[in-house]
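Trainee: Structure for this input, please:
(one chain, ligands or ions: 1)
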Amino acid sequence: MSESQLSPSAEAQAFLQRQQKFLIGEHWLDAEDGRTITVVNPADGEQIASVPSGSKADIDKAVAAARQAFDDSEWSRIKPVARQKLLLDFADLIEKNAPLLAEIEALDNGKSVVIAEHVDIRLAIDFLRYMAGFATKIEGRTVDVSVPFMPDAQWHGYTRREAVGVVGAIVAWNFPLLLACWKLGPALATGCTVVLKPAEDTPLTALKLAELALEAGYPAGVVNVVTGLGHEAGAALSSHPDVDKLTFTGSTDVGKLIGKAAMDTMTRVTLELGGKSPTIVLEDADLPTAAAGAANAIFFNQGQVCCAGSRLYVHKKHFDNVVADISDIAANMTLGAGLDPTAQMGPLVSAKQQERVCGYIEQGRASGATITTGGGAADGPGFFVKPTVMVDVNHNASVVQEEIFGPVLVAMPFDDIDEAVRIANDSQYGLGASIWSNNLSQVHRMIPRIKSGSVWVNCHTALDPSLPFGGYKQSGLGREMGSDVIEHYTEVKTVLMSI
Ligand code: NAD
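Mentor: Residues are numbered from 1 along each chain as shown. Model (predicted):
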């Protein structure tokens with residue numbers, strides 16, 4: 001790969017060179033106290049931009065702008081069909097800018113530019129279009145009531161679904177643009193206004209999204225984006241008394257803080273949190289397909305996927321073969337920068353994340369695990385970690401129980417279906433699980449026994465806008481996507497008239 005092929009396009013360079021500001025109302029602003037956050041390219045650790053580091057004062061301004069837009073602006077009176085059109089226009093603009101957005105995402109996050117464009121941004125566009133359809137389909141019910149203590153009265157009872165109000169959205173860095181759109185889509189379809197705080201490691205595509213929202217025609221204050229640190233801007237947003245709903249995607253630890261802050265102000269809250277998802281290969285599975293699928297389940301996006309298949313359970317008869325195949329796939333993966341379209345694995349998002357993941361690999365070694373391939377950071381600049389597979393692990397070990405959030409797979413054999421279900425469920429998390437088998441009745445009998453928000457069969461991390469996504473147990477509260485998400489962005493109002 002020549003240097004010129006790896007250089008950002010002129011358009012991406014122009015974006016990176018501009019002075020980044022965040023959007024509050026119709027104003028592009030620096031942080032009130034002038035502080036900034038340095039943004040680095042994880043492929044080489046070099047600075048590529050800096051963004052304002054918002055604090056409570058900036059969040060206060062953004063929430064005030066969102067409140068004003070929600071309560072008293074053309075947005076508060078907009079017809080559903082116009083909300084639908086705006087969301088479709090917004091999706092069109094994202095599509096038009098997809099190559100640029102993908103490049104920015106690759107430079108900011110480290111992920112493959114190909115995946116950014118064809119997975120992250122594609123899914124975001126499809127989701128916004130799916131959500132646009134809901135703008136005109138938010139309905140209440142008419143209810144024929146009796147009211148027992150007033151037997152002679154006549155009644156007209158009905159319910160209305162109304163936008164919940166000002167939404168505070170806080171997102172993680174692993175799919176920056178997509179996660180932002182998972183929040184913006186239902187908020188804008190239902191008529192809410194939004195203050196979005198992207199992750200400090202990956203703030204850039206959110207700023208471009210803010211620009212596209214204005215270009216699409218959203219009135220000032222409907223979409224506000226404040227970049228900043230979690231414990232400052234994030235904490236200020238999650239404890240703000242004038243936010244009506246919080247929606248969070250990130251770690252379980254921070255999710256608990258946000259949930260507690262939400263309860264103090266009785267703010268509605270949904271939490272999309274961590275995972276430690278099992279990939280279960282049954283005795284009758286198509287083994288080459290299962291091995292390739294299990295490798296993809298953990299190594300896709302450098303393993304930085306909330307529902308990554310990070311625990312592999314294989315029927316004892318095939319364990320050695322499947323582990324050998326996955327180790328072989330891992331050992332032959334080419335590592336490279338996100339802008340390198342031939343690279344099969346990019347760097348992790350930050351030096352901190354690289355250190356954390358390597359620390360887990362060391363903990364695995366220390367607990368007696370055998371490493372079949374990988375085993376630490378890759379040489380050279382950038383935050384790369386070699387795809388790693390561990391066997392001989394104790395089920396109570398930290399590498400089995402805790403979310404590593406990197407390209408590290410722990411693999412164990414099982415004897416029978418009961419054992420597979422038991423160890424798959426032996427986790428504080430419950431986000432996703434995949435079963436690899438062609439025995440339909442076996443699979444159908446297993447699905448209700450698996451404690452997770454999604455179960456995939458002969459695939460893993462397959463997502464669609466029309467299917468709800470979210471966690472059991474400590475993987476979260478509520479659901480993203482599908483029609484289910486609309487409930488979380490609306491309140492139900494009951495109306496009863498004596499007629
Ligand atoms: P994180 O929890 O550290 O940060 C997520 C966001 O929260 C960031 O914007 C951060 O600035 C903010 N934040 C941090 N501290 C805060 C505080 N005290 N108050 C308010 N906001 C605060 O998570 P991360 O490291 O960015 O992301 C990785 C985690 O996200 C993993 O656990 C992963 O599983 C999870 N995740 C879950 C889903 C899902 O849909 N369930 C999707 C993607 C990522």
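Trainee: If I look at the nearest residue to K61 once chain neighbours are set aside, what pLDDT would I see?
Mentor: Nearest residue to K61, sequence neighbours excluded (Cβ to Cβ, 6 or more residues apart in numbering): I24, at 5.2 Å. C-betas here are computed from N, CA, C, even on glycine. Looking at I24, its pLDDT reads 99.
Trainee: hang on, I24 packs against D60?
Mentor: No: because the distance of 9.9 Å does not satisfy Cβ atoms under 8 Å, I24 is recorded as not touching D60.
Trainee: So between the two, which is more surrounded?
Mentor: I24 (25 against 16; other Cβ atoms under 10 Å).
Trainee: Mean confidence (pLDDT) on stretch 124-133, please.
Mentor: Per-residue scores along stretch 124-133 average to 98.
Trainee: circling back to that earlier point, against the ligand, how distant is the residue nearest to K61?
Mentor: As for I24, its distance to the ligand is 17 Å (criterion: Cβ to the nearest ligand atom, to the nearest Å).
Trainee: for that residue, what are its contacts?
Mentor: D58, K61, A62, A65, N224, V226 (Cβ atoms under 8 Å, 6 or more residues apart in numbering).
Trainee: Which stretches in the stretch 351-499 of the chain count as helices?
Mentor: Using DSSP state H, counting those that start in this stretch, the helices of the stretch 351-499 of the chain run over 351-366, 398-401, 417-425, 440-446, 484-488.
Trainee: Same check on the stretch 1-150 of the chain?
Mentor: In the stretch 1-150 of the chain, the segments counted as helices under DSSP H, counting those that start in this stretch are 3-6, 10-17, 56-71, 80-96, 98-109, 113-115, 122-134.
Trainee: Format the ones you listed as JSON lines; extra columns: distance to D284.
Mentor: Shown next, in JSON lines, are the helices of the stretch 1-150 of the chain (distance: least, Cβ to Cβ, whole Å):
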{"stretch": "helix 3-6", "distance to D284": "45"}
{"stretch": "helix 10-17", "distance to D284": "48"}
{"stretch": "helix 56-71", "distance to D284": "54"}
{"stretch": "helix 80-96", "distance to D284": "42"}
{"stretch": "helix 98-109", "distance to D284": "38"}
{"stretch": "helix 113-115", "distance to D284": "32"}
{"stretch": "helix 122-134", "distance to D284": "32"}
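Trainee: re earlier: from the contacts of I24, list just the buried residues.
Mentor: If you count burial by 16 or more other Cβ atoms under 10 Å, the buried members of the contacts of I24 come out as D58, K61, A62, A65, N224, V226.
Trainee: Pick the one among these closest to M131.
Mentor: N224 (18.9 Å; Cβ to Cβ).
Trainee: what is the closest one paired to in the beta sheet?
Mentor: Assessed by DSSP bridges, N224 has beta-bridge partners V195.
Trainee: For the ligand, see how far away E103 is.
Mentor: From E103 to the ligand the distance is 21 Å (Cβ to the nearest ligand atom).
Trainee: residues contacting that residue?
Mentor: For E103, the contact set (Cβ under 8 Å, 6+ apart) comprises P8, S9, E11, A12, V113, A116, L339.
Trainee: are any of the residues you listed buried, and which?
Mentor: P8, A12, V113, A116, L339.
Trainee: is it possible to export those residues to TSV including pLDDT and distance to the ligand?
Mentor: Formatted as TSV, the buried ones among the contacts of E103 follow (pLDDT from 0 to 100; distance: Cβ to the nearest ligand atom, whole Å):
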residue	pLDDT	distance to the ligand
P8	96	24
A12	98	23
V113	97	20
A116	98	15
L339	97	22
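Trainee: Output these as JSON lines; include the columns distance to H395.
Mentor: Formatted as JSON lines, those follow (distance: Cβ to Cβ, whole Å):
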{"residue": "P8", "distance to H395": "45"}
{"residue": "A12", "distance to H395": "45"}
{"residue": "V113", "distance to H395": "38"}
{"residue": "A116", "distance to H395": "35"}
{"residue": "L339", "distance to H395": "40"}
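Trainee: Closest to A369 out of those?
Mentor: Of all the buried ones among the contacts of E103, A369 sits closest to A116, with 32.7 Å by Cβ to Cβ.
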